[in-house]
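Colleague: Could you look at this predicted model? Sequence included:
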Amino acid sequence: MRTFWVLLKKELRGFFVSPVAYIVLALVMVQNGFSFRAALSILETGSGSAGSIVKWTFDSGWFWLSYFFIFPLLTMRLFAEEKKLGTFETLFTAPVRAWQVVWSKYGAAMIFYCILWLPSLANFALVHSLTGGVVEMPEGELRGSYLILLLMGMFNIAVGCFASSLTSNQIVAAVISFTVSLMHYLAGIFILYVGRKVPEIFVDAVGYIASVEHIRTFTSGLIDTRPVVYYASLALLFLGFTHQVVEFRRWRP
Amino acid sequence: MIEVQDLTKQYAGRVAVDGISFFVRRGEIVGFLGPNGAGKSTTMRILSGYMPPTSGSALVAGHDVFRDSISVRKNVGYMPEMAPLYTDMRVKEYLHFRGELKGLGGRELRRRTGEVMDLCGVTDVRRRLIANLSKGYRQRVALADALIHRPPLLILDEPTNGLDPTQIRHVREMLLDLRDQHTVLLSTHILSEVEQICDRVIMIHHGRIRACDTPRNLKNQLRAAAAVHLELQGNGKVIKELEKLPGVRKAVEEEPLEGWRVINVRVEARNDIREAILDLATREKWRVRELHQQLPSLEDVFVELAASDAPPRNT
Ligand SMILES: Nc1ncnc2c1ncn2[C@@H]1O[C@H](COP(=O)(O)OP(=O)(O)OP(=O)(O)O)[C@@H](O)[C@H]1O
Ligand SMILES: [Mg+2]
């Protein structure tokens, strides 16, 4: 366990000295600014649509704009760089186990990912205090929104880790994880689309993999356990794959 | 300290190490020699617990490299070829991290970090980013990393590659100093280094062990002939007469030097023909200015070994 903390500390440090991480931070802050601005204008015009400022912020086109870029940029470095530098050899001749390495890299990426969303929380707090509490902070919707962000992060970052473990080229890693994230999103959209024309069963399936639908549900403050299980188990699956790839050199015929 | 039995490693059907067996005793410094692609690095990677052998077994400090790889790694200080390091870290920070990873902590960690930095001469650059270090300094940092947890066994893959002559000598002296507490297995292409510090040499070629002995014995066993260097003044048939001597393979005339003929006489192994040459010279009334035997060097052993062709095995 001690080894895990040592590794986690080192990986986290890696994020804070890496320019890419700051670019992602900037990207997310800009995106947040735009979607928050859009949400505020809905509030101003009072266009009557149901929801809250939290829902309008996350259930918007702006959100999806940055969504696909965050994960590849955060994770592409993790394993690919070690392979490129040859430090895999120094790392795995120290007394460390593969799970410690995989989980420390994943953990560090998750922590940084969570940090990315802190400014958005500050936005809400600010508007709440500036308007003297007139703009409500619906607790359920806040909780739901950040939970779904966390879940999607868990899944996509695991995909990114896996992609990065496959190659020593960061660009290739980024392209793979971008593609998988996008395909997953499109599959959800596609099922939503055909779901209108085909039997009910498909509409049920929608609940399972359509990220758009998940966002819609959770940002309304409804917490559905099916997506929770879905994202968590997919994350575990991809981390398992990553572990296998990292241990590949230890396989015996 | 190391016991290797029938170790074989295949990469995608190519055999890199082919059934080698050897041992290294506690306190020995053993040199691992062989031409490029012989399988030295592969063997060292297996011994340091990085990857398992395809078949065969290796015990390091009493632990099996496959089943008990973590215990093996705790006992080994490994320095890979090319000294890979995290380029975005500073020297001291890196060594601190590696020490922590290898189980050091608190005051002991700080003390060891300082000690190995002094020992390897990187104290001056401790605040520099590793990305900006020269090759030699990176090599030193990697060596410091291998030493930091006081491992009983050091496995060093070309540790002096890229160091300046002063530093090479420094590393050599350091290894000799360390021999009380450490067993060392090192690979290198610098043969003089091996002759100076190694108790034993293991020569490997195409993944198989070709020789395993002390440097001195290896040179004695050498099939390649020693040679006698001669400088004399004499009549025309010098070469012919010399070649008539028993045990002489060939006499080669070289560029004359200051009016003296320079002749190199190649001799069959384990023949000393210096007296015979002198007797001959006296009889023929040649004037001899110089006569000395050139002993085979480890380089000769190496070159002969590398030239002998055993085709690599494919599966
Ligand atoms: N990862 C790998 N995949 C496939 N083949 C490899 C791999 N690593 C090494 N080899 C092959 O295994 C053989 C032995 O390589 P190794 O690196 O052990 O040689 P070496 O003795 O260290 O050579 P050098 O003196 O150049 O360092 C070579 O033929 C090499 O091409
Ligand atoms: Mg090598």
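Modeller: Perfect, thanks for sending it. Ligands and ions are numbered 1, 2, ... in the order given.
Colleague: Can you tell me the SS state at the closest residue to chain A within the stretch 1-150 of chain B?
Modeller: Using Cβ to the nearest Cβ, the single residue of the stretch 1-150 of chain B nearest to chain A is B:Pro84, 3.3 Å away. The C-beta positions use only the backbone N, C-alpha and C, and glycine is treated the same way. Recorded secondary structure, B:Pro84: coil (DSSP: H, G, I helix; E, B strand; the rest coil).
Colleague: count of residues packed around residue 87?
Modeller: No chain was given, so I picked chain A. 16 (other Cβ atoms under 10 Å in any protein chain shown).
Colleague: not quite, I wanted chain B
Modeller: 15.
Colleague: can you check A:Leu222 too?
Modeller: Neighbour tally, A:Leu222, other Cβ under 10 Å: 11.
Colleague: B:Ala16 now?
Modeller: The number of residues packed near B:Ala16 is 21, by other Cβ under 10 Å.
Colleague: And for A:Val245?
Modeller: A:Val245 has 18 nearby residues by other Cβ under 10 Å.
Colleague: what's the pLDDT at residue 15?
Modeller: This is for chain A. Listed pLDDT for A:Phe15 reads 91.
Colleague: meant chain B, my bad for not saying
Modeller: 89.
Colleague: Helix or strand: which one has it?
Modeller: strand B:14-24 (DSSP states H and E).
Colleague: Show me what the helix or strand following that strand is packed against.
Modeller: Where DSSP H and E defines the elements, the next helix or strand beyond strand B:14-24 is strand B:29-33. Judged by 3 or more Cβ pairs under 8 Å, 6 or more residues apart in numbering or on different chains; DSSP states H and E, strand B:29-33 is in contact with helix B:40-47, strand B:183-187, helix B:191-197, strand B:200-205.
Colleague: and strand B:29-33, anywhere near ligand 1?
Modeller: No - shown here: strand B:29-33 not in contact with ligand 1 (Cβ under 6 Å from any ligand atom), separated by at least 8.4 Å.
Colleague: give me phi/psi at the closest residue to chain B within the stretch 101-250 of chain A?
Modeller: Using Cβ to the nearest Cβ, the closest approach of the stretch 101-250 of chain A to chain B is made by A:Arg249 at 4.6 Å. Taking degrees, to the nearest 10, you get phi -60, psi -20 for the backbone angles of A:Arg249.
Colleague: wait, doesn't it sit right on B:Pro53?
Modeller: No - assessed by Cβ atoms under 8 Å, A:Arg249 is found out of contact with B:Pro53, at 11.8 Å.
Colleague: The two: who's more crowded?
Modeller: Neighbour count, other Cβ under 10 Å: between A:Arg249 and B:Pro53, B:Pro53 has more, with 24 against 13.
Colleague: OK, contacts around that one?
Modeller: The neighbours of B:Pro53, taking Cβ atoms under 8 Å, 6 or more residues apart in numbering or on different chains as the test, are B:Leu7, B:Thr8, B:Lys9, B:Val17, B:Ile46, B:Val65, B:Phe66.
Colleague: A:Asn156 now?
Modeller: A:Ile70, A:Phe71, A:Ser177, A:Ser181.
Colleague: Out of the contacts of B:Pro53, which is nearest to A:Trp56?
Modeller: B:Phe66 (57.5 Å; Cβ to Cβ).
Colleague: Give me the nearest residue to that closest one, chain neighbours excluded.
Modeller: B:Pro52 (4.1 Å; Cβ to Cβ, 6 or more residues apart in numbering or on different chains).
Colleague: residues touching that neighbour, list them.
Modeller: Per Cβ under 8 Å, 6+ apart, neighbours of B:Pro52: A:Arg250, A:Arg252, B:Ile46, B:Val65, B:Phe66, B:Ser69.
Colleague: My assumption is that it lies in a helix; please confirm.
Modeller: No - the assignment for B:Pro52 is coil, going by three-state DSSP, so no helix is present there.
Colleague: How about the residue in chain A positioned nearest to ligand 2, nearest residue that isn't a chain neighbour?
Modeller: For chain A, the residue closest to ligand 2 is A:Glu89, as judged by Cβ to the ion, at 11.8 Å. With sequence-adjacent residues excluded and distances taken as Cβ to Cβ, 6+ apart, A:Glu89 is closest to B:Pro80, at 4.6 Å.
Colleague: number of nearby residues for that neighbour?
Modeller: B:Pro80: 25 surrounding residues under other Cβ under 10 Å.
Colleague: Check A:Ala108 too.
Modeller: A:Ala108 has 23 nearby residues by other Cβ under 10 Å.
Colleague: Would you check that B:Arg289 makes contact with B:Leu232?
Modeller: Yes - counting by Cβ under 8 Å, B:Arg289 sits close enough to B:Leu232 to count as a contact (6.5 Å).
Colleague: May I have the residues that are in contact with the residue of the stretch 101-250 of chain A found nearest ligand 1?
Modeller: At 8.6 Å from ligand 1, A:Arg249 is the closest residue in the stretch 101-250 of chain A, using Cβ to the nearest ligand atom. Counting by Cβ under 8 Å, 6+ apart, A:Arg249 touches B:Tyr50, B:Met51.
Colleague: Can you tell me how far it is from A:Ile115?
Modeller: Separation of A:Arg249 from A:Ile115 (Cβ to Cβ, to the nearest Å): 33 Å.
Colleague: Then B:Thr43?
Modeller: Per Cβ to Cβ, B:Thr43 is found 45 Å from A:Ile115.
Colleague: more crowded one of those two?
Modeller: B:Thr43 (29 against 15).
Colleague: Look up the closest residue to that one, ignoring the ones flanking it.
Modeller: Using Cβ to Cβ, 6+ apart and skipping the chain neighbours, the partner closest in space to B:Thr43 is B:Val17 (5.5 Å).
Colleague: picking that back up, which of the contacts of B:Pro52 scores worst on pLDDT?
Modeller: Among those, A:Arg252 carries the lowest pLDDT, at 59.
Colleague: Tally up the residues packed near residue 57, please.
Modeller: Looking at chain A here, since you left the chain open. By other Cβ under 10 Å, neighbour count at A:Thr57 equals 26.
Colleague: Switch to chain B, please.
Modeller: 16.
Colleague: ok, it - contacts?
Modeller: B:Val4, B:Gln5, B:Asp6, B:Leu7, B:Asp64, B:Val65, B:Phe66.
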